[in-house]
Structure formats: C-alpha cells, structure tokens
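A.B. asks: Show me the folded form of this:
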Amino acid sequence: MILWQLLIGGLLFRSIIAYFLPVGFDEAYYFLYTQTLDWSYFDHPLAVAVTTGTGIWLTGTATPFTLRLGALVLFTASLWLLYASGKWLFGARAGLISCAIASITPLFFLSFGILAAPDNALIFFWSMTLYLCVREFFSARASGQLERYRPTARIAAISLAIGLACLSKYHGFVLAFSVAGFCLANKSYRIVFQSRWFGWGLLIFGLALLPLLYWNATHDWISFHFQLGDRFAEYGDRSNSYSLSSLVGVILAQFGYLFPSIALPLWWTSAKASLSQLIRRPSSKLNARDQQTASKINFLLWSGLPTALGFTLVGGSTHTFPAWPAPGLWSLAILLGYATASWPVRRVRRWLSGSAWTIGILLMFTLTHITLGTLQKSGDRALLGGIIPIESDPSTELIDTMQLRQRFEQSDEFRAAVGTVGFVITSKYWLSGYVALSLPEDINLPVSSFTSDPRGHAFWFEPQQWIGENALFISLDRASRIEEVEVIAPYFAAITPLTQIATQRGGETSETFYLYKAENLLRPYPYPY
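C.D. replies: Numbers count the residues shown, from 1 in each chain. Prediction:
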C-alpha cells in the first residue's frame with residue numbers, strides 16, 4: 001500500500017511540474033525527432049523519439065505535458081523495478097526505502113521522470129537490467145549453504161535489456177561493461193561466458209543495435225564521432241589538462257542536484273561499501289549468508305560506480321552534464337536503501353519526509369517564479385516587489401511555447417507570411433525546435449536551421465530541395481539578429497523584415513521574436529558534416 005501511494009503520489013507531483021514548466025532547449029529539439037522519424041539520430045539513438053512522441057501521437061496535440069507523458073509513465077515503471085530489485089536483494093524494507101530515495105531526489109525525477117530526454121528510456125531499461133540481473137545472479141533468500149550458479153535463459157533477456165538501453169543513450173554501453181566486469185571479477189559467475197545463453201545473448205544484443213549501427217554506417221559514423229569528441233569543441237576542450245577546481249565545481253553541482261541530505265549519505269555509503277569490498281576477509285572465512293551479501297553489494301558497486309564515479313571525475317577535464325553520472329547513482333541508491341533499512345523507523349521517516357517536503361517546497365517556489373515571475377522586478381505577480389530584473393533572469397530562456405503559439409495565431413503578418421513560404425528557418429538548432437512546437441496546428445511547414453552547428457538538421461532535409469522557394473526566418477531579440485541576417489543573406493535573393501512578436505511573463509516582455517521573409521533560396525546552405 002505504501003509503495004503504491006509513493007508511486008501514484010510521485011506521479012501526480014511530477015505531472016503538475018510537467019504541465020506548467022515551459023519546455024527546455026533539449027526538449028524542444030527532441031520534438032523535432034518526433035517529426036522526422038528515422039532509425040537513429042545525430043545526437044542520440046532512436047528511443048528518445050518514441051518516448052517524446054508517445055504522448056503527442058496518443059493525444060494528437062503537442063504541449064509541454066504531452067511531450068513529457070512518456071517520461072512520466074516510464075519513470076513510474078522504473079521506480080517499481082528499482083523497488084523490486086532492492087526487495088529481491090535485501091528485503092521489502094530496503095526496496096521501499098530505495099524507491100523512496102529515488103522518488104524524492106531532484107536529479108532523478110527531473111532528468112528521468114519529468115523532462116523529455118534520452119534518459120527516460122535509458123533508466124527504464126537500466127532498471128530492467130538490474131532487476132533481471134539480481135534475479136539471475138542471486139537466489140531469493142540467503143540460505144545456510146551457497147548454491148552453485150548456473151546460467152539460465154534470463155541471460156538472453158539481460159542482453160536484450162542492455163541492447164535497448166544502448167538504443168536509448170550511449171550510457172548503455174557502460175552498463176554492458178559493468179555487468180560483464182562483475183561476472184569476470186567474480187569466479188562464481190565467469191561460467192556465464194561459457195554458457196550457450198551467452199552466445200544467444202550476444203546475438204540478441206547485436207540485433208537490438210541494428211537500427212543504431214545501420215544509421216551510423218550510412219552516415220559516416222557521425223554520431224559516434226560527435227559523442228566521443230566533437231561535442232566538446234563548443235565548450236573549449238580541456239582534455240590536455242585536469243582542473244581540480246572544475247572537478248570541485250562538478251561535485252558541488254551534483255550535490256545540489258541530488259540534494260545534500262541525499263548526496264552525502266549516498267556517496268558515503270558507496271565509499272564505505274567499496275572500501276569494505278577491498279579489505280574484506282577471504283570468502284573462505286565468511287559464512288554463506290555473508291558471502292552472498294558481499295556478492296550483492298559487489299554487483300551494485302559494479303553497476304553503479306563506473307558510471308557515477310567515471311562521469312564525475314571526467315568533469316575535471318571537460319564539460320559534463322548533471323545527468324551523465326545519474327544512472328550509476330540510481331544503482332547506488334539501492335545500497336543506500338540497504339544501509340538505512342537498519343535504522344529506526346522514526347529516523348528513516350524523519351529523514352525522507354523532511355527531505356521530500358524541503359525539496360517539494362523549493363521546487364514549487366521555483367516553478368511559480370519560472371511561470372509567473374514571483375521574484376521578477378516590476379512584474380504584476382511579484383512578491384514584495386521582486387528582486388530579479390527580467391532582462392537578466394536566465395529562467396526567461398525557457399520559452400513559453402503555448403503562449404508563442406497563441407501569438408502566432410493572432411499575428412496577421414505571420415498568417416500572411418506562412419501562406420507564401422515553403423519552409424521556416426532559424427539560426428539556432430534548438431530555436432527551430434521551439435518554433436516547430438509553437439506553430440499553430442493547422443500549419444504544416446518544415447522547420448530547419450541554417451547554422452554552423454545544425455546537429456540533426458543536417459540530415460533531416462536536403463536544402464537543395466528548397467531552391468527557388470521563400471522562407472520565414474525567425475530570430476531572437478537576445479541573439480545578435482543583425483549578424484544572423486547577414487550570415488544567411490547571401491543564400492537568398494532578398495530578406496525583408498516582417499514583424500516582431502513578443503511573449504510576456506508577469507506583464508513584462510520576456511522574449512521578442514523577429515520575423516523576416518527570406519525570398520528565393522539561391523543555393524543550399526553548406527552544413528559542416
């Protein structure tokens with residue numbers, strides 16, 4: 001009963017945020033995936049197109065909530081799988097606490113359970129892999145005697161789950177390394193590699209990867225080049241030097257996203273378990289129950305530390321994102337659930353409920369500011385006059401697509417222009433996602449981007465197909481729009497200003513969009529890939 005209250009309550013809380021929170025840069029870009037279905041994509045494998053598009057295809061409308069519907073549902077399923085894994089390993093109490101920890105951790109429920117992202121499907125198949133692995137490698141109960149492990153057909157299912165994780169995000173390959181590493185490092189489980197089920201598993205894993213491999217093979221393996229190096233160029237690669245100050249910044253940011261009351265015990269428990277594994281007594285001196293417990297802890301460390309610690313340490317040499325180590329931390333949450341299961345009930349309840357209430361209040365306060373401008377100076381919904389000028393408030397970078405759609409519908413100049421153009425362009429790959437999501441539903445025009453950093457736009461359309469056609473060019477006020485016009489001007493016969501469209505928050509202008517008519521595309525824009 002408590003489990004379902006936790007799952008349903010968390011789903012409702014996340015749904016409120018998903019409904020009101022404006023769409024983020026990446027989410028808007030992933031919306032374009034749903035409009036250009038393919039076997040894979042420049043930035044990520046294909047799963048994000050499916051998870052992002054599910055709500056849109058089911059409802060027939062594109063809104064922030066429908067964009068995130070797949071994330072909301074998959075995260076709830078992932079939480080149940082985490083609970084089931086913890087329960088199988090250490091009992092129902094440990095499983096329930098693990099589920100509660102994951103439910104209230106901001107990094108988890110924002111990255112995995114609210115925002116439309118590749119991480120939605122990744123954490124589901126990651127959790128499915130954990131569940132299948134603990135069922136495969138460990139008996140339901142620690143008996144007085146050790147049972148010899150024998151591989152079963154579940155190995156094939158594990159291979160499929162890992163393959164689908166790889167089709168979600170490239171983190172899946174690290175998960176494959178982690179599971180294989182656990183089996184190689186533990187003598188009892190090396191028999192996996194001699195099993196016929198391992199052969200079937202390799203075949204199934206390869207078949208699962210076919211969409212990813214096929215697309216990359218026909219596109220010069222561009223996605224692997226991008227993920228393994230090219231993506232860091234825009235941030236100024238520091239690969240030739242290691243910065244401890246940058247690493248400290250990454251760690252502090254991670255503690256903030258995890259929330260300190262979760263981050264500190266999570267890393268402390270993981271470090272303590274790792275040290276215990278290194279200095280533990282020989283297995284011959286442990287009874288069967290302790291040997292099995294040590295093996296379970298070892299599995300969780302293998303499944304979590306390579307990703308969690310690896311992507312954290314990488315932050316000292318290059319730019320990273322908070323979500324990168326998150327799947328590994330998700331696995332380690334079971335270790336924290338196991339460690340705290342021995343605490344008194346009152347202490348656990350006070351720790352989890354106190355953290356949940358604090359996190360919830362802070363998030364709701366932040367959400368009201370992002371949507372209403374409660375801290376915005378001169379806003380008509382500001383509290384006590386506000387403290388942040390709107391022109392320097394980074395939260396306004398999240399564009400209200402529903403309001404922008406309404407502004408488009410009300411603009412006579414926009415309505416007249418879209419009837420005379422064959423496509424829409426911007427100078428930012430992510431801005432094209434915002435524009436596409438904001439177009440009135442009765443307008444069906446391709447939206448692309450003429451930029452030196454086009455990402456998927458370089459593969460979705462052939463610019464030569466638009467030779468001789470007119471385009472609607474949209475630029476942002478905060479961008480250097482004059483320079484943007486100068487960059488694309490040589491490719492058109494003429495560019496004429498049309499109108500300005502502004503969105504508002506709290507009665508103040510939050511963003512201004514400049515619309516131009518670009519007449520007669522003379523030659524295709526040269527993409528860098």
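
A.B. asks: Let's see the pLDDT reported for G506.
C.D. replies: Predicted confidence (pLDDT) for G506: 90.

A.B. asks: Please report phi then psi for it.
C.D. replies: Torsion angles at G506 (phi, psi; degrees, to the nearest 10) stand at phi 60, psi 30.

A.B. asks: And for I501?
C.D. replies: phi -130, psi 130.

A.B. asks: and what of the one 10 residues further on?
C.D. replies: Phi and psi for E511, reported as degrees, to the nearest 10, are phi -160, psi 140.

A.B. asks: In stretch 458-474, which residues are buried?
C.D. replies: By 16 or more other C-beta atoms under 10 Å, the buried positions in stretch 458-474 come out as 458-461, 463, 466, 470-474. No exception for glycine: its C-beta is placed from N, CA and C like everyone else's.

A.B. asks: Let me see the ranges of the strands in the stretch 401-529 of the chain.
C.D. replies: 423-426, 447-449, 471-476, 492-505, 508-521 (DSSP state E, counting those that start in this stretch).

A.B. asks: can you give me the helices in the stretch 51-200 of the chain?
C.D. replies: Listed in chain order, the helices of the stretch 51-200 of the chain (DSSP state H, counting those that start in this stretch) span 64-90, 92-104, 106-111, 118-137, 154-166, 171-185, 196-208.

A.B. asks: possible to save those as CSV with distance to D43?
C.D. replies: Listed next are these as CSV, based on distance: least, C-beta to C-beta, whole Å:
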stretch, distance to D43
helix 64-90, 17
helix 92-104, 26
helix 106-111, 16
helix 118-137, 8
helix 154-166, 15
helix 171-185, 14
helix 196-208, 19
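
A.B. asks: Let me know which of these is tucked in deepest.
C.D. replies: helix 118-137 (a mean of 26; mean count of other C-beta atoms under 10 Å).

A.B. asks: helices and strands around that helix, which ones?
C.D. replies: helix 47-59, helix 64-90, helix 154-166, helix 171-185, helix 288-313, helix 326-340 (3 or more C-beta pairs under 8 Å, 6 or more residues apart in numbering; DSSP states H and E).

A.B. asks: Nearest to P22 among these would be which one?
C.D. replies: helix 64-90 (6.6 Å; C-beta to C-beta).

A.B. asks: and that closest one, what's its mean pLDDT?
C.D. replies: So the average pLDDT for helix 64-90 ends up being 98.

A.B. asks: re the thing from before, spatially, which two of the buried residues of stretch 458-474 are the most separated?
C.D. replies: Across the buried residues of stretch 458-474 (C-beta to C-beta), the longest gap, 23.4 Å, separates F459 and N470.

A.B. asks: got the angle for the lowest-mean-pLDDT helix or strand in the chain vs strand 471-476?
C.D. replies: One helix or strand of the chain scores below all others by mean pLDDT, DSSP states H and E: helix 481-488, with a mean of 85. Put simply, helix 481-488 runs at 150 degrees to strand 471-476, going by axes from the mean of the first three to the mean of the last three C-alpha atoms, to 10 degrees.

A.B. asks: Next, format the helices and strands packed on helix 118-137 as CSV and append distance to I191.
C.D. replies: Formatted as CSV, the helices and strands packed on helix 118-137 follow (distance: least, C-beta to C-beta, whole Å):
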stretch, distance to I191
helix 47-59, 32
helix 64-90, 21
helix 154-166, 11
helix 171-185, 9
helix 288-313, 14
helix 326-340, 23
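
A.B. asks: Out of those, flag the one nearest L11.
C.D. replies: The nearest among those, by C-beta to C-beta, is helix 64-90 at 5.2 Å.

A.B. asks: the inter-axis angle of the closest one versus helix 326-340?
C.D. replies: 40 degrees.

A.B. asks: how distant is helix 64-90 from the center of its chain?
C.D. replies: Its chain's C-alpha centre and that of helix 64-90 lie 14 Å apart, by C-alpha atoms, centre = their mean, to the nearest Å.

A.B. asks: do the same with stretch 95-106
C.D. replies: So, by C-alpha atoms, centre = their mean, the centroid of stretch 95-106 is 18 Å from its chain's centroid.

A.B. asks: who touches that stretch?
C.D. replies: 2-3, 6-7, 10, 79-80, 82-89, 108-109, 257-259, 262, 266, 330, 333-334, 336-338, 340-341, 348, 352, 355-356, 359, 363 (C-beta atoms under 8 Å, 6 or more residues apart in numbering).

A.B. asks: what about the closest residue in space to N298 that isn't next to it in sequence, distance to P322?
C.D. replies: Nearest residue to N298, sequence neighbours excluded (C-beta to C-beta, 6 or more residues apart in numbering): Q277, at 5.8 Å. Going from Q277 to P322 by C-beta to C-beta, to the nearest Å gives 27 Å.
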